[in-house]
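Colleague: no sequence for this one, just the structure:
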């Protein structure tokens, strides 16, 4: 996989173009208008590079003004859209269809495409969207511009362009540094901590990369190969644990999945990542029988407090029962499960398999879920069925043991 990734990365030439052009002192808005109208490849490259350089030198106030300009001045022409739609309705010709498609696309989408011709620009545009998402919190009108960003980035980061790479102790140091920085579930405290997660023979890590950003992981998953299904993250990450030979493992445990790029928020890679890793591990270790997660339950304690059920949390059994009710019954909008991690795995075709109390005793784990964690089971024979039931009816697939647990009465108030 590493060889394939390296080969694909060479498809995108990241070398700088030798013709840099003179610095242009005009306002960045004028440069953007010229770039949209540019016909020459070199002149377009020079304009795009200068716009990106100028943007990155801006403070937040200037960036907000830049986004407001792109959002407003490069919007669609409503009159042109109406005329093009009328022409297409009248004759349905290829020419009128082409006119309609051109009119319906705002000029800011073409601006982004032309900016992307600069080597390394894809990552810079991802960073630009990160700024946009942050600044749009105080300027809701900018959400329209984000629709265009998300549309383009969803295409550019299509699964067909992504490369799955194993990440191990021999990976380049700059990639390993980013794994430490981007780990969002169980913080990596040191290089020794990272070594314990990557070096032993019963540990795996995989990440998606894009050929235009070959040194930047987009998302990665950490995997433990175990004999059985673990009930705590302390066991998985124990400093003095004894590693097992991979051929002795019966279970692959996905214990941490981290998105890395804030500028790609809302563009999902996790579904494809898990499916690809399951497929690769199945081929590598055909003796593996179970594929499960050991996942946090981030909204559990908030839900318990909101529903006034704090008095029922007396021991691990009652916490497990409340967690089961939360995961199987608590709903958000449109009947979806309230818990975001549950939504992710259930949409992928997993089922809620088992809940463990005292499974994450870190300050973060105790705060968000009272220390409880959950296994989501990826049963290869039922993934499609579970996915269809969830997508169609928001049906939550769960083990019979957890179904029985939520039918029991909650503890009586003290």
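Modeller: Arrived safely, thanks for sending. Given the structure is predicted, the values throughout are model-derived calculations rather than measurements. Residues are numbered from 1 along each chain as shown.

Colleague: Show me where this protein has its strands.
Modeller: Here the chain has its strands, by DSSP state E, at 163-166, 203-209, 219-226, 251-259, 290-293, 295-296, 351-356, 373-377.

Colleague: Those: which one's closest to residue 129?
Modeller: Closest to residue 129 of the strands of the chain is strand 251-259 (Cβ to Cβ; 13.7 Å). Where you see a C-beta, it was placed from the backbone N, CA and C, and this is true even at glycine.

Colleague: which residues are in contact with the closest one?
Modeller: Residues outside strand 251-259 that contact it (Cβ atoms under 8 Å, 6 or more residues apart in numbering): 182-186, 204, 218-230, 233, 236, 265, 269-270, 273-274, 277-278, 281, 285, 288-294.

Colleague: Output the below-cut-off pLDDT ranges for the stretch 301-414 of the chain.
Modeller: Applying pLDDT under 70 to the stretch 301-414 of the chain picks out residues 411-414.

Colleague: where's residue 116 relative to residue 110, distance?
Modeller: Separation of residue 116 from residue 110 (Cβ to Cβ, to the nearest Å) stands at 11 Å.

Colleague: correction: residue 96
Modeller: From residue 96 across to residue 110, the span is 20 Å (Cβ to Cβ).

Colleague: Same drill for the two, tell me which one is more crowded.
Modeller: Neighbour count, other Cβ atoms under 10 Å: between residue 96 and residue 110, residue 96 has more, with 18 against 15.

Colleague: show me the contacts for residue 33.
Modeller: No contacts exist for residue 33 under Cβ under 8 Å, 6+ apart.

Colleague: and the spatially closest residue to residue 224 that is not a sequence neighbour, what are its bridge partners?
Modeller: Counting by Cβ to Cβ, 6 or more residues apart in numbering, residue 253 is the residue found nearest to residue 224 once chain neighbours are left out, at 4.4 Å. For residue 253, the beta-bridge partners are residue 224, residue 292 (DSSP bridges).

Colleague: What is the burial count for residue 253?
Modeller: Counted with other Cβ under 10 Å, residues neighbouring residue 253 total 22.

Colleague: Now do the same for it: its pLDDT.
Modeller: The model reports residue 253 with a pLDDT of 98.

Colleague: can you check residue 182 too?
Modeller: pLDDT, residue 182: 97.

Colleague: wait, isn't it in contact with residue 221?
Modeller: No. Residue 182 is beyond contact range of residue 221, at 11.9 Å (criterion: Cβ atoms under 8 Å).

Colleague: Comparing these two, which residue is more hemmed in?
Modeller: Applying other Cβ under 10 Å to residue 182 and residue 221 shows that residue 221 carries more neighbours, namely 21 against 18.

Colleague: which non-adjacent residue is nearest that one?
Modeller: Nearest one to residue 221, counting by Cβ to Cβ, 6+ apart, is residue 257 at 4.8 Å.

Colleague: and that neighbour, how many residues sit next to it?
Modeller: The number of residues near residue 257, taken as other Cβ under 10 Å, comes to 21.

Colleague: where are the low-confidence patches of the stretch 51-200 of the chain?
Modeller: For the stretch 51-200 of the chain (pLDDT under 70), the answer is none.

Colleague: how about the helices in it?
Modeller: Listed in chain order, the helices of the stretch 51-200 of the chain (DSSP state H, counting those that start in this stretch) span 60-73, 78-91, 94-104, 107-115, 121-135, 143-156, 173-182, 191-198.

Colleague: Can I get the ones you listed in JSON lines including distance to residue 410?
Modeller: JSON lines is the format used below for the helices of the stretch 51-200 of the chain (distance: least, Cβ to Cβ, whole Å):
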{"stretch": "helix 60-73", "distance to residue 410": "49"}
{"stretch": "helix 78-91", "distance to residue 410": "57"}
{"stretch": "helix 94-104", "distance to residue 410": "54"}
{"stretch": "helix 107-115", "distance to residue 410": "53"}
{"stretch": "helix 121-135", "distance to residue 410": "40"}
{"stretch": "helix 143-156", "distance to residue 410": "41"}
{"stretch": "helix 173-182", "distance to residue 410": "39"}
{"stretch": "helix 191-198", "distance to residue 410": "38"}
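
Colleague: Tell me which of these sits nearest to residue 355.
Modeller: Per Cβ to Cβ, nearest to residue 355 of the helices of the stretch 51-200 of the chain: helix 191-198, 24.2 Å.

Colleague: This structure - how does it break down into domains?
Modeller: 24-156, 161-407 (automatic domain parsing).

Colleague: what's the span of the last one, first residue to last?
Modeller: So that's domain 161-407. Chord length of domain 161-407, first to last residue, is 46 Å (Cα to Cα, to the nearest Å).

Colleague: Determine how far it lies from the middle of the whole chain.
Modeller: On the basis of Cα atoms, centre = their mean, to the nearest Å, the separation between the geometric centre of domain 161-407 and that of its chain is 13 Å.

Colleague: got a markdown table for the strands of the chain, with distance to residue 306 too?
Modeller: Listed next are the strands of the chain as a markdown table, based on distance: least, Cβ to Cβ, whole Å:
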| stretch | distance to residue 306 |
| --- | --- |
| strand 163-166 | 39 |
| strand 203-209 | 35 |
| strand 219-226 | 30 |
| strand 251-259 | 26 |
| strand 290-293 | 25 |
| strand 295-296 | 18 |
| strand 351-356 | 19 |
| strand 373-377 | 19 |
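
Colleague: what's the closest of these to residue 128?
Modeller: Nearest to residue 128 among these is strand 251-259 (17.7 Å), distances taken as Cβ to Cβ.

Colleague: Give me the angle between that closest one and strand 373-377.
Modeller: Relative orientation of strand 251-259 versus strand 373-377 (axes from the mean of the first three to the mean of the last three Cα atoms, to 10 degrees): 110 degrees.

Colleague: start the count at 58, not 1, going forward
Modeller: Understood, numbering begins at 58; the last thing we discussed is strand 308-316.

Colleague: how big is the angle separating strand 308-316 from helix 230-239?
Modeller: Using the same axes, to 10 degrees: strand 308-316 against helix 230-239 is 90 degrees.

Colleague: Can you point out the buried residues in strand 308-316?
Modeller: 308, 309, 310, 311, 312, 313, 314, 315, 316 (16 or more other Cβ atoms under 10 Å).

Colleague: and what of stretch 198-214?
Modeller: Within stretch 198-214, the residues scored as buried using 16+ other Cβ under 10 Å are 199, 202, 203, 205, 206, 207, 209, 210, 213, 214.
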